[in-house]
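Visitor: what follows is a predicted structure for the sequence shown.
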Amino acid sequence: MGVNMSNTLNYLGISEEVKVNRNLTSTELCEISAAKGHGKYTKTGALLVETGKHTGRSPKDRFLVKEPKTENIVNWNNIHKPISEKVFDILYKRITEYLSSKSDVYIFDGCVGADPQTTKKTRMVCEYPHMAFFLSKLLRDLPNTDENNFNEDLLLISASDLHISNWEELGLASESFILTHLSKNIVIIGGTHYAGERKKSVFSWMNFILPDMNICPMHCSANTSMNQSNSALFFGLSGTGKTTLSADEHRLLIGDDEHGWKSNNSVFNMEGGCYAKGIDLEKDKEPIIWAAIKEGALVENVVEKNSINDLDLDFTDISLTQNSRIGYGLENVPNSVKSSIGKNVKTIIFLTADASGTLPAISKLSIPQAKYHYLSGYTSKLAGTEVGIDAPQVTFSAFFGEPFFARKPSVYADILAKRISENENVSVFLLNTGWNGVGKRISLKDTRAMVTAALDGKLDNVSYHTHPVFKLAIPDTCPGLSTASMLEPENTWKNKELYWKSANKLAKQFVDNIKRFKDLDSDILESGPAPANI
């Protein structure tokens, strides 16, 4: 039975009249959610909820407090937007007054980071039991919980139904808000039911503090061999296959989305679970994710349909959103590393879904190229995936997750390059999980074959040739592919002239994007694409 503690939130400004439900069990939280009508059980015992207006993150509503301790460290721009301490204090008072008006609130006291030396205690206070349930799965349990002496390193206060009517005069972008005070180690979130907003706020805070501990924070998934002798990292923006490719029946999962890489070449998962995309999920293609949708999982914005499959969930129905999600703890993944720590990072794979069909299917990167493509973070948003996008849209997001990395770009690029150079046996690949010249997405079977070849070291000693525009080293052979000719992207195009025109267009976009990073070393700039003057 969970611990019920009252009179513990006075220090936050929340009334002692409010009943505090602290660290209730998953079963208790789900039963309360179902009883209150906030969610309902699926056929297999997962909790199904709808998030209303917000079915994804809201970047325009995210702000960082600008104050003396961090103002010269943050990379202020239209992604990392400043807000004053005065406004933060006003909204902090609003959110605590709002929660004080509730009959009860829910607390999850846990931690972030599997590595014992860097574990940070995290407290979330919220008004919805399913939100506490979600965080209890996506964050980690305390290794040695002392219920009566919990002093959090990070405080997250959530109020999904709090809307700010005078948002314009406060300098907000809407009546919703996600504010982080980096010096006070406090996040306040109001006006959005999307659970992922809470998860990402916690990990964005970790990404800010870890470089000072000589740890490389990464927006990546990670797995390791069955004997745990070599680990792999998968970087990629949404829709590139990060979760899918790391969930491999022949390897052990370390973690889904957020990791730290230490100087001893170990990698640790910051999370305690996974937050997988639901759209077009198929049992045969992603059996591990499919099997995880049971008791202990939270399903967001998926439509129920009787007898459509053995889950009674229609993952092709996008009437609620393109961004349906499944959150679950690692205990729902049978082949995972119990410690959430991997040894001997040997392979890094940057994933890109290239809709132009011009990037090679797989290529090997030098350290300067790794730094270039890590800063670039290229993929394509596809027609129909977002309102207003009617043609493939080139997207660059540094570190394959720029909104979650608030420091100056060189901090993150330098520490990744440092880790690679410290471990000379690390191989870095750029993998295109997108399209080729025939207008079809590269098959998951071929993608998995290339990943397996990279992980097994079968691409370490093959011959390579260099792409004249992208300057990427393309392997001449790769075991397991349906056809070796697909390795050369030009081969998939009937019109060769059009291929080179398209390749040069994308290369120019790379060059234009990299210009926003000042003072890059010449070897990095020279390693990037070089469009021909046509």
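Guide: Yep, that arrived. Numbers count the residues shown, from 1 in each chain.
Visitor: surely R325 and G273 touch.
Guide: No. With contact defined as Cβ atoms under 8 Å, R325 does not count as touching G273 (11.8 Å). Yep, even glycine has a C-beta here, placed from its N, CA and C like the rest.
Visitor: out of the two, name the residue with the larger neighbour count.
Guide: G273 (29 against 23; other Cβ atoms under 10 Å).
Visitor: the more buried one against G329, yeah?
Guide: Yes. With contact defined as Cβ under 8 Å, G273 counts as touching G329 (4.2 Å).
Visitor: got any residues that touch both of the two?
Guide: Listed as contacting both G273 and G329 by Cβ atoms under 8 Å, 6 or more residues apart in numbering are K137, L138.
Visitor: just the helices from this structure, written as ranges.
Guide: Taking DSSP state H as the criterion, the chain carries its helices at 26-36, 85-100, 129-138, 167-170, 196-209, 242-246, 287-291, 367-376, 409-422, 444-455, 496-514, 522-527.
Visitor: got the angle for the first one vs helix 129-138?
Guide: In this structure, helix 26-36 runs at an angle of 150 degrees to helix 129-138, with axes from the mean of the first three to the mean of the last three Cα atoms, to 10 degrees as the basis.
Visitor: quick one: average pLDDT of helix 26-36?
Guide: Here helix 26-36 scores 97 as its mean pLDDT.
Visitor: where do the domain boundaries of this structure fall?
Guide: Annotated domains of the chain cover 3-36+60-213, 344-527 [automatic domain parsing].
Visitor: I'd like the ones you listed as CSV, with mean neighbour count and distance to I288 appended.
Guide: Formatted as CSV, the domains of the chain follow (neighbours: other Cβ atoms under 10 Å; distance: least, Cβ to Cβ, whole Å):
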stretch, mean neighbour count, distance to I288
domain 3-36+60-213, 18, 16
domain 344-527, 18, 13
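Visitor: K305: which of those domains is closest?
Guide: Of all the domains of the chain, domain 3-36+60-213 sits nearest to K305, with 19.7 Å by Cβ to Cβ.
Visitor: comparing the helices of the chain, which yields the minimum mean pLDDT?
Guide: helix 242-246 (a mean of 87).
Visitor: follow-up on the earlier one: rebuild the domains of the chain as a markdown table, extending it with distance to F315.
Guide: Shown next, in a markdown table, are those (distance: least, Cβ to Cβ, whole Å):
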| stretch | distance to F315 |
| --- | --- |
| domain 3-36+60-213 | 17 |
| domain 344-527 | 15 |
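Visitor: closest to L298 out of the ones you listed?
Guide: domain 3-36+60-213 (5.1 Å).
Visitor: so how far is that closest one from its chain's centroid?
Guide: Counting by Cα atoms, centre = their mean, to the nearest Å, domain 3-36+60-213 is centred 18 Å from the centre of its parent chain.
Visitor: going forward, count from 154.
Guide: Renumbered: residue one is now 154, and that last one reads domain 156-189+213-366.
Visitor: and the helices of the chain as CSV, adding distance to Y164?
Guide: Shown next, in CSV, are these (distance: least, Cβ to Cβ, whole Å):
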stretch, distance to Y164
helix 179-189, 24
helix 238-253, 11
helix 282-291, 19
helix 320-323, 25
helix 349-362, 20
helix 395-399, 38
helix 440-444, 40
helix 520-529, 41
helix 562-575, 33
helix 597-608, 49
helix 649-667, 46
helix 675-680, 48
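Visitor: looking at those helices, which is closest to S313?
Guide: Closest to S313 of those is helix 282-291 (Cβ to Cβ; 6.9 Å).
Visitor: restrict the closest one to CA atoms and write it as PDB.
Guide: Taking Å, rounded to 0.1, in the frame of the first residue of the first chain, the C-alpha atoms of helix 282-291 are listed here in PDB:
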ATOM      1  CA  PRO A 282      -3.300  10.300 -10.400                       C
ATOM      2  CA  HIS A 283      -2.500   9.000 -14.000                       C
ATOM      3  CA  MET A 284       0.200  11.700 -14.300                       C
ATOM      4  CA  ALA A 285       1.900  10.400 -11.100                       C
ATOM      5  CA  PHE A 286       1.500   6.900 -12.600                       C
ATOM      6  CA  PHE A 287       3.200   8.000 -15.800                       C
ATOM      7  CA  LEU A 288       6.200   9.600 -14.000                       C
ATOM      8  CA  SER A 289       6.600   6.600 -11.800                       C
ATOM      9  CA  LYS A 290       7.200   4.600 -15.000                       C
ATOM     10  CA  LEU A 291       9.300   7.100 -16.900                       C
END
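Visitor: got the angle for it vs helix 349-362?
Guide: Counting by the same axes, to 10 degrees, helix 282-291 lies at 40 degrees to helix 349-362.
Visitor: so what would you say the end-to-end distance of stretch 400-418 is?
Guide: Stretch 400-418 has an end-to-end distance of 22 Å (criterion: Cα to Cα, to the nearest Å).
Visitor: buried residues, that stretch. List them.
Guide: Neighbour-count burial for stretch 400-418, counted by 16 or more other Cβ atoms under 10 Å, picks out 400-401, 404-415, 418.
Visitor: quick check, nearest of these to G633?
Guide: Distances from G633 to the buried residues of stretch 400-418, taken as Cβ to Cβ, are shortest for D401 (13.8 Å).
Visitor: just give the closest residue to the closest one, not the sequence neighbours.
Guide: In this structure, D401 finds its nearest non-sequential neighbour in N376, 5.9 Å apart by Cβ to Cβ, 6 or more residues apart in numbering.
Visitor: picking that back up, so which of the buried residues of stretch 400-418 are in strands?
Guide: L405, L406, I407, G408, E411, H412, G413, W414 (DSSP state E).
Visitor: make TSV out of these and add pLDDT and distance to H191.
Guide: Formatted as TSV, those follow (pLDDT from 0 to 100; distance: Cβ to Cβ, whole Å):
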residue	pLDDT	distance to H191
L405	95	35
L406	94	30
I407	96	32
G408	93	28
E411	95	26
H412	97	32
G413	98	34
W414	98	38
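Visitor: how about these in TSV, adding distance to S384?
Guide: Formatted as TSV, those follow (distance: Cβ to Cβ, whole Å):
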residue	distance to S384
L405	9
L406	11
I407	7
G408	11
E411	15
H412	10
G413	13
W414	10
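Visitor: next, count neighbours for N383.
Guide: For N383, using other Cβ under 10 Å, the count is 18.
Visitor: where does the stretch 404-553 of the chain have low pLDDT?
Guide: Along the stretch 404-553 of the chain, segments meeting pLDDT under 70 span 535-545.
Visitor: which residues in it form strands?
Guide: All strands of the stretch 404-553 of the chain, identified by DSSP state E, counting those that start in this stretch, fall at 405-408, 411-414, 420-422, 426-430, 450-453, 456-457, 466-467, 478-482, 494-495, 498-505, 515-518, 531-534, 546-549.
Visitor: repeat for the stretch 204-353 of the chain
Guide: Under DSSP E, counting those that start in this stretch, the stretch 204-353 of the chain gives strands at 215-218, 234-236, 257-265, 273-279, 307-312, 330-334, 339-343.
Visitor: put together a markdown table for these, with distance to K534 and mean pLDDT on each row.
Guide: Below are the strands of the stretch 204-353 of the chain laid out as a markdown table (distance: least, Cβ to Cβ, whole Å; pLDDT from 0 to 100):
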| stretch | distance to K534 | mean pLDDT |
| --- | --- | --- |
| strand 215-218 | 19 | 98 |
| strand 234-236 | 21 | 97 |
| strand 257-265 | 29 | 96 |
| strand 273-279 | 31 | 96 |
| strand 307-312 | 28 | 98 |
| strand 330-334 | 22 | 98 |
| strand 339-343 | 25 | 98 |
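Visitor: and K193, which of these is closest to it?
Guide: Across those, K193 has its closest neighbour in strand 257-265 (18.5 Å, Cβ to Cβ).
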